[in-house]
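> I'll drop the sequence and a predicted model, then ask my questions.
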Number of protein chains: 2
Amino acid sequence: MSDTSTMPGVPLAAPLYKELERQMRDALASGEWKPGEAIPAERRLAERFNVSIGTIRKAIDELVAANLLIRQQGRGTFVASHNRDRLLFYFFHVVPENGAKAYPDVRLLSFARSRASGREAGELGLAAGDPVFRARNLLSLGGAPVIVDELTLPAVRFPGLTERQFAGRSSTIYNLYQEAFGISVVRTRERLRATLADADTAALLGLPRGAPLLAIRRVALSYNDVPVELRLSLVDTAHHEYWADIGAPG
Amino acid sequence: MSDTSTMPGVPLAAPLYKELERQMRDALASGEWKPGEAIPAERRLAERFNVSIGTIRKAIDELVAANLLIRQQGRGTFVASHNRDRLLFYFFHVVPENGAKAYPDVRLLSFARSRASGREAGELGLAAGDPVFRARNLLSLGGAPVIVDELTLPAVRFPGLTERQFAGRSSTIYNLYQEAFGISVVRTRERLRATLADADTAALLGLPRGAPLLAIRRVALSYNDVPVELRLSLVDTAHHEYWADIGAPG
DNA sequence: AAGTGGTCTAGACCACCAT
DNA sequence: TGGTGGTCTAGACCACTTA
């Protein structure tokens, strides 16, 4: 039953550029090529792999389209890394109505070691009961609290993570993942619902109990679609909106 | 102040393939190339424009990436058109929890000619008071009502649109736009919020008044980013979710 | 000036689809 | 069998950045 030799649409040999792409993805996943660093020049790669430069370019094209690499004419091709701007414009979709995007202020509410629920285990590729870290953050935009975040991190991937690290970081959380644990978030999956604020959340956001909130369940994925973080965001959308644009502006 | 000749990042002459892309976009926008039809073969286009085939392919690549064209090996390159699948998997983001995507049943609740509010005019590129059509739909998934849609269409773009057309159509609404009015929706912008059901909406969805609803404000855009439809969707997310995936699976 | 990515060419050959 | 898109090559030259 595992004979794929006659399956339509499944070529026996992948195109050369797909194979090169796979090898480059491995170089990224293994940490051989690190965030922010330049990868070898196209001419060098073409030499190393003994292929035409056009073929190398096609492989790189795919990784650029997937936002894993960034080309800069005259400078080189770089591994995408988490800086404030990337976070803001690529992963953060809550924006003030009639206003410009702003960086959220983050306050850590709680941090604890715990165990994965069945659902969490499924989403994180763990077994139920495996150790996880849980953190709770209050995010403010323009001075006012707007979002309550509940994060769940698989402990295996964040060995020795401490509350100090989490609270004391100067930049974004994804930046911490990247620099302290070598974990790059390259993609997210989000599921949205409307819900009502419970007493606790309402108090944090300065809302009456039962106020409508946008609930965002996010799974953050690293290279090879490995899940590295679960996040439940409860958003007060009285003065903010979630942006979703479908189809490239082109 | 309008001298752009020395602005950095704004080349005086666009690359050839960008110019070709622009011309092909025009062919799409003008209706010279119609949805579902094949465009001329790459070799023919290369001849017509007197460029190398690689340059033509690069231009087509861009339009394929923007979902305006679809390549099919051995058959040709086709103008993207609205069929049920495209609607479902590309533009429709409400899915049942733990279930497969399904086609919604649509029931027309009301249809009327009206005038654009200031906000609507701004979003549709009209003047306040310009004529619009308004329609209200009840969408059911798996037999149960889940979504109330309020549509606003600029009357100029839909000359002679009737309630009969709207109610009696056999396929999707975007299909009607395409076939009866030559309007292709190629992109959407959505803004999401949480809200509470008013009495009217609650009754339609079989919910108590004050139940939490997901409110989706959508602007549908045609070629050249021309807005052609506003839609407010009120979604009961008790058993459904809105899907937003950021970053291509690659 | 040296090194990088970006554009463009001209062609060979392959994989797939229709007939 | 003829036509289509898909892959790959080998090279020239351009645009941009850095030193």
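Sure thing, it's come through. Numbering: from 1, shown residues only, chains lettered A, B, ... in the order given.

> so after the host helix or strand of residue A:201, what's the next helix or strand?
Under DSSP states H and E, the secondary-structure element containing residue A:201 is helix A:199-205. Sequence order places strand A:212-221 as the next helix or strand after helix A:199-205, per DSSP H and E.

> what about the helix holding residue A:201, distance to the chain center?
With Cα atoms, centre = their mean, to the nearest Å as the basis, helix A:199-205 stands 27 Å off its chain's centre.

> got the contact list for that helix?
A:109, A:138, A:145-146, A:148, A:197, A:207-211, A:213, A:234, A:236 (Cβ atoms under 8 Å, 6 or more residues apart in numbering or on different chains). (Each C-beta comes from the backbone N, C-alpha and C, glycine too.)

> state the pair within those that is farthest apart.
A:109 and A:210 (21.3 Å; Cβ to Cβ).

> show me which residues of chain A sit near DNA strand D.
A:15-18, A:50-55, A:58, A:72-75 (Cβ under 7 Å from any atom of the strand).

> out of these, which are inside strands?
residue A:72 (DSSP state E).

> out of the residues of chain A next to DNA strand D, grab the one that's most surrounded.
residue A:17 (19 neighbours; other Cβ atoms under 10 Å in any protein chain shown).

> about what we covered before: just the residues of chain A next to DNA strand D that are near DNA strand C?
Near DNA strand C, by the rule Cβ under 7 Å from any atom of the strand, you find A:54, A:72, A:73, A:74, A:75 out of the residues of chain A next to DNA strand D.

> which one of those sits closest to residue B:43?
The closest of these, once distances to residue B:43 are taken by Cβ to Cβ, is residue A:54, at 18.8 Å.

> switch the contacts of helix A:199-205 over to CSV; also include neighbour count and distance to residue A:174.
Below are those laid out as CSV (neighbours: other Cβ atoms under 10 Å in any protein chain shown; distance: Cβ to Cβ, whole Å):
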residue, neighbour count, distance to residue A:174
A:109, 14, 19
A:138, 18, 18
A:145, 17, 21
A:146, 24, 19
A:148, 22, 19
A:197, 22, 27
A:207, 16, 28
A:208, 10, 33
A:209, 12, 32
A:210, 14, 33
A:211, 19, 29
A:213, 27, 24
A:234, 21, 20
A:236, 26, 23
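
> quick one: contacts for residue A:149?
A:135, A:136, A:137, A:138, A:139, A:231, A:232, A:233, A:234 are the contacts of residue A:149 under Cβ under 8 Å, 6+ apart.

> from these, keep the buried residues only.
Neighbour-count burial (16 or more other Cβ atoms under 10 Å in any protein chain shown) is assigned, among these, to A:135, A:136, A:137, A:138, A:139, A:231, A:233, A:234.

> which member of these is positioned nearest chain B?
Taking Cβ to the nearest Cβ as the measure, chain B sits nearest to residue A:234 out of the buried ones among the contacts of residue A:149, at 9.4 Å.

> wait, doesn't that closest one sit right on residue A:146?
No. Taking Cβ atoms under 8 Å as the definition, residue A:234 is not a contact partner of residue A:146, at 9.6 Å.

> quick check: residue A:121 is in a strand.
No. Assessed with DSSP: H, G, I helix; E, B strand; the rest coil, residue A:121 is helix; it does not lie in a strand.

> rounded mean pLDDT for stretch A:140-150, please.
For stretch A:140-150, mean pLDDT is 96.

> residue A:208: what's it in contact with?
With Cβ under 8 Å, 6+ apart, residue A:208 has these contacts: A:197, A:202.

> what's the closest non-adjacent residue to residue A:163?
The shortest distance from residue A:163 to any non-neighbouring residue, by Cβ to Cβ, 6 or more residues apart in numbering or on different chains, is to residue A:111 (4.1 Å).

> any idea how far that neighbour is from DNA strand C?
41 Å (Cβ to the nearest atom of the strand, to the nearest Å).

> doesn't residue A:22 lie inside a strand?
No. Per three-state DSSP, residue A:22 lies outside any strand segment and is helix.

> and it, what does it touch?
residue A:14.

> so if we follow the domain assignment, how does chain A break up?
A:16-79, A:84-242 (automatic domain parsing).

> among those domains, which gets the worst mean confidence?
Of all the domains of chain A, domain A:84-242 has the smallest average pLDDT, which comes to a mean of 94.

> span of that one from start to end?
19 Å (Cα to Cα, to the nearest Å).

> now swap in stretch A:44-64 and tell me
End-to-end for stretch A:44-64, by Cα to Cα: 18 Å.

> stretch A:203-215 too?
By Cα to Cα, the extent of stretch A:203-215 from end to end equals 16 Å.

> any idea how far DNA strand D is from the residue positioned nearest the centre of chain A?
With distances taken as Cα atoms, centre = their mean, residue A:185 lies nearest the centre of chain A, 3.4 Å away. Separation of residue A:185 from DNA strand D (Cβ to the nearest atom of the strand): 26 Å.

> same question, residue A:147
Counting by Cβ to the nearest atom of the strand, the gap from residue A:147 to DNA strand D is 36 Å.
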